[in-house]
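1. Return atomic coordinates for the entry below.
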Amino acid sequence: MSRSDTAPIVEERLFYDVAVRWTGAQCAAAGGSELPEITVALPAQLSEPAAHWTPEHLFVAAATSCLMAVFVRLAAAARLDYVDLSVQARGILEELATEGLIISTLELSPTLILFRESDRERAARLLSKAERHCVVSNSMRTRILVRPEIRVAPSVANLH
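-> Numbering: from 1, shown residues only. The predicted model follows:
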C-alpha cells in the first residue's frame with residue numbers, strides 16, 4: 001500500500017497556499033496570503049555561495065524548523081524548561097544512479113541547553129518524539145539523521 005492509498009487520520013484538512021512569481025535576475029518572490037515575500041533564487045553554481053534562499057535551502061529549512069516547532073510544543077506540554085534550542089542542518093545533494101540529482105540526506109543537529117541535569121533524559125525523549133512527529137520530515141523520502149546534543153547551562157553560582 002502506498003502513502004497515497006491510505007485514508008487520512010486527521011478529519012480536518014489544512015491547506016498551505018504559496019504563490020511564486022518570477023522577478024528576473026535568476027530570482028523569484030515567494031509568499032502567501034498573509035505571509036511576507038521572500039526572495040528565492042536559482043541554485044548557485046556549486047563553487048559559488050548562495051546570495052538568496054534557494055529551493056534546496058528552503059527544503060532543508062522546512063525539516064529543520066518543523067523539528068524545532070514540534071519540540072517546542074512538546075516541551076511546553078511537558079513543562080520542560082530550557083535555556084536555549086538551536087538546530088544546525090546540512091542537506092546533502094548528490095546524484096544517485098537510480099534517482100538522479102536529489103537531496104539524499106539531511107543531517108539535523110539540535111543543541112538543547114537545559115537548566116537542570118535532572119531534565120536530560122526527559123529532554124532526550126522529547127527530542128526523539130519530535131523527530132518521529134515532524135510532519136515535514138515524515139513527508140520526505142530523504143534520509144534524515146538527527147544528532148542531538150544536550151547540555152546543561154552553568155549555574156549562576158559558577159558564573160561568579
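
2. Please enumerate the helices of the protein.
-> 55-77, 120-133, 135-138, 156-159 (DSSP state H).

3. could you give the mean pLDDT of stretch 42-60?
-> Mean pLDDT, stretch 42-60: 80.

4. Break this protein into its domains for me.
-> 1-53, 54-160 (automatic domain parsing).

5. Pick the most deeply packed of these.
-> domain 54-160 (a mean of 15; mean count of other C-beta atoms under 10 Å). C-betas here are computed from N, CA, C, even on glycine.

6. what does stretch 97-112 contact?
-> 56, 59-60, 63-64, 67-68, 71, 82, 84-96, 123, 127, 137, 140, 142-151 (C-beta atoms under 8 Å, 6 or more residues apart in numbering).

7. mind running it again at 6 Å?
-> Here stretch 97-112 makes contact (C-beta atoms under 6 Å, 6 or more residues apart in numbering) with 59, 63-64, 67, 82, 85-95, 123, 142-150.

8. Who does Pro110 form a beta bridge with?
-> Val87 (DSSP bridges).

9. list the contacts for the most centrally placed residue in the chain?
-> For the chain, the residue nearest the mean C-alpha position is Thr64 (1.3 Å; C-alpha atoms, centre = their mean). By C-beta under 6 Å, 6+ apart, the contact list for Thr64 reads Val87, Ala89, Leu108.

10. and the gap between the last one and Arg143?
-> If I follow you right, that is Leu108. Distance of Leu108 to Arg143, computed by C-beta to C-beta, to the nearest Å: 11 Å.

11. again with the first one
-> Val87 sits at a distance of 17 Å from Arg143 (criterion: C-beta to C-beta).

12. just the second one next, same as before
-> In this structure, Ala89 and Arg143 are separated by 13 Å, where distance is defined by C-beta to C-beta.
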